[in-house]
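> structure, please.
(one chain, ligands or ions: 1)
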Amino acid sequence: MQKKTANITVNPRPFAYRHRTLYCDGVDLTTLAAEHGTPLYVYSAAQITERFQLFQRAFTHEVRPHTICYAVKANSSLAILRLLATQGAGFDIVSGGELERVRKAHKPALKKVVFSGVGKQLWEIDAALDADILLFNVESEAELHLLATRAEARSKVARFALRVNPDVFAETHPYISTGLSEHKFGIDIKSARAIYRAAKKSKWLDPTGVSVHIGSQIRKVDPFAAALTRVTSLIADLRKDGHNIRYVDAGGGLGIDYGAGAFDPAKQVEKYAAALSKGLANEPAHLLLEPGRFIVAQAGALLTRVLYVKRNGSKTFVITDAAMNDLIRPALYHAHHEIIPVREPAKQSAKQTAGKSSSLVVDVVGPVCESGDFFARDRALPAFKPNDLVVLLDAGAYGMSQTSNYNTRPRPAEVLIEGKSARLIRRRETMRDLLAPELNGINH
Ligand SMILES: *Cc1c(COP(=O)(O)O)cnc(C)c1O
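From the prediction side, this is the model:
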């Protein structure tokens, strides 16, 4: 259980008011909106680095050889991948496309790539073999077969870990829970030993490790320990069978606090490291970690502008220029994002608070033609007016990486804040970008 300690004042986010205006580190968001338009993703380079270093330190304290393979799907921006690679990160990828992103961002990091995913295609396996990645997290016997065939065709030995399903329950949203046998992920841990044994028949397969990933946005650390206890005992059996297991991959999934309360990320990582260590006991294998959300979620926010405020019956709707195509988490997982104005609301005097409040219960929604296109429902927020800038916090993970062009809306631009300067790391899409793949279809 996360204890709410009254004296913790850690601000887990790089966003704070200065002179009544919201800043990301040294840059004010009003200026950013004027320069780059909205909706706009804003990330703090300092915070991404800090979170990565928290992980590094926590596992150094636990005295374990380890590599942090950042989960690319959480935020796959090339600039962010490069930032992490220069800190020493490896990467967890789930597609051939993400492999190309790592190659572009920092080619030497390819040797620290682990490749996860239940549906790897032939060309993706070939590309990863050619790139000489660290290992494949194999999720089925059929995939292991294909891997052996492709490795042989290229006369290359494929390093692999079976991603085992430990049948451990982790309390999170059902769409992001993966560690139960009813889920599509991994191989039943009870069948793993036999599959490793069978793999010995191919000289093109090197059983390098064992891997596990039980889900995402997991706040209690006990399930991580439970999963690793089972993995550790499997590794002991595998050693008895003569396999040279050098890596144990603990996956990702450590959650953050999306709420308004105090949250101490350093403590959270320490608890996580202690839980993993408990599960691993004296297991000497090199530990691989695949955090995504914890590294980037709170470093980022989605900056948007209020277009209209309208009343329908008893409800008030604040309509923003960002929509579910720009940030789908509320629609997809009923996720909560704090919403705050860029201009700090005046502090209310006691008299005002006792009388009429200046906040209003509203729905914050986007322009997309879906009732699921909402960012908040029945939430008390400061009274927003058209043209006001507002920010959806904690949008650095699974925000931009899950965007779409639904309703033929261009994807937002992205800026990376580095101290007092802002760098455009992805320009806003244009109509030309959106229509180009289709123009041949009408020009004939
Ligand atoms: C999504 C995913 C991760 C990252 O999960 P987070 O919750 O963002 O830390 C790590 N490993 C695998 C295999 C994944 O699918």
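
> pLDDT below threshold where in the stretch 51-200 of the chain?
Applying pLDDT under 70 to the stretch 51-200 of the chain flags residues 175-176, 181.

> can we see that at 80?
61-63, 169-184 (pLDDT under 80).

> so which residue of it comes closest to the ligand?
Nearest residue of the stretch 51-200 of the chain to the ligand: Ala71, at 3.3 Å (C-beta to the nearest ligand atom). Just so you know, the C-beta spots here come from the backbone N, C-alpha and C atoms, and that holds for glycine as well.

> give the buried residues for stretch 166-185.
Neighbour-count burial for stretch 166-185 flags Pro166, Asp167, Val168, Ala170, Thr172, Ile176, Ser177, Thr178, Gly179, Leu180, Phe185 (criterion: 16 or more other C-beta atoms under 10 Å).

> I misspoke; the intended subject was stretch 214-227.
Under the neighbour-count criterion of 16+ other C-beta under 10 Å, stretch 214-227 has Ile214, Gly215, Ser216, Gln217, Ile218, Arg219, Val221, Pro223, Phe224, Ala225, Ala226, Ala227 buried.

> and these as JSON lines, adding pLDDT and secondary structure?
Putting these into JSON lines (pLDDT from 0 to 100; DSSP: H, G, I helix; E, B strand; the rest coil) gives the following:
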{"residue": "Ile214", "pLDDT": "92", "secondary structure": "coil"}
{"residue": "Gly215", "pLDDT": "92", "secondary structure": "strand"}
{"residue": "Ser216", "pLDDT": "94", "secondary structure": "coil"}
{"residue": "Gln217", "pLDDT": "95", "secondary structure": "coil"}
{"residue": "Ile218", "pLDDT": "94", "secondary structure": "strand"}
{"residue": "Arg219", "pLDDT": "94", "secondary structure": "coil"}
{"residue": "Val221", "pLDDT": "96", "secondary structure": "coil"}
{"residue": "Pro223", "pLDDT": "95", "secondary structure": "helix"}
{"residue": "Phe224", "pLDDT": "96", "secondary structure": "helix"}
{"residue": "Ala225", "pLDDT": "96", "secondary structure": "helix"}
{"residue": "Ala226", "pLDDT": "95", "secondary structure": "helix"}
{"residue": "Ala227", "pLDDT": "96", "secondary structure": "helix"}
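
> overlap between these and the residues near the ligand?
Ser216, Gln217 (C-beta under 6 Å from any ligand atom).

> which of the buried residues of stretch 214-227 lies closest to the ligand?
When these are compared against the ligand (criterion: C-beta to the nearest ligand atom), the nearest one is Ser216, at 3.2 Å.

> what residues are up against the closest one?
Going by C-beta atoms under 8 Å, 6 or more residues apart in numbering, Ser216 touches Thr172, Ile176, Ser177, Thr178, Gly252, Gly253, Gly255, Gly292, Arg293.

> surely Ile295 is within a helix?
Yes - counting by DSSP: H, G, I helix; E, B strand; the rest coil, Ile295 is found in a helix.

> neighbours of it, how many?
By the criterion of other C-beta atoms under 10 Å, Ile295 has 29 neighbours.

> what of the one 10 residues further on?
As a burial measure, the neighbour count of Arg305 was computed by other C-beta under 10 Å and equals 18.

> ok, and the closest non-adjacent residue to it?
Nearest residue to Arg305, sequence neighbours excluded (C-beta to C-beta, 6 or more residues apart in numbering): Thr38, at 4.5 Å.

> let me know the pLDDT of the one you found.
Note on Thr38: pLDDT of 98.

> state the helix or strand in which it lies.
Under the criterion of DSSP states H and E, Thr38 resides outside all helices and strands.

> distance of it relative to the ligand?
Going from Thr38 to the ligand by C-beta to the nearest ligand atom, to the nearest Å gives 26 Å.

> Asn443 now?
40 Å.

> what is the burial count for that residue?
Applying other C-beta under 10 Å, we find 6 residues neighbouring Asn443.

> ok, and the closest non-adjacent residue to the residue positioned nearest the centre of the chain?
Among the residues of the chain, the one closest to the centroid is Ala74, at 2.7 Å (C-alpha atoms, centre = their mean). The spatially closest residue to Ala74, leaving aside those adjacent along the chain, is Gly292, at 3.0 Å (C-beta to C-beta, 6+ apart).

> give me the neighbour count for that neighbour.
Counted with other C-beta under 10 Å, Gly292 comes out at 23.

> residue contacts, it?
Shown in contact with Gly292 (C-beta under 8 Å, 6+ apart): Tyr70, Ala71, Val72, Lys73, Ala74, Asn75, Asp92, Ser216, Gly252, Ala397.

> redo that, cut-off 10 Å
Gly292 is in contact with 69-76, 92, 216, 252-254, 397-398, 401, counting by C-beta atoms under 10 Å, 6 or more residues apart in numbering.

> now, those residues that are in helices?
Residues from these lying in helices, with DSSP state H as the criterion: none.

> below-threshold pLDDT in the stretch 201-350 of the chain: ranges please.
Using pLDDT under 80, the flagged stretches of the stretch 201-350 of the chain are 347-350.

> the residue of the stretch 51-200 of the chain closest to the ligand touches Val296, doesn't it?
Yes - judged on C-beta atoms under 10 Å, Ala71 makes contact with Val296 at a distance of 9.3 Å.
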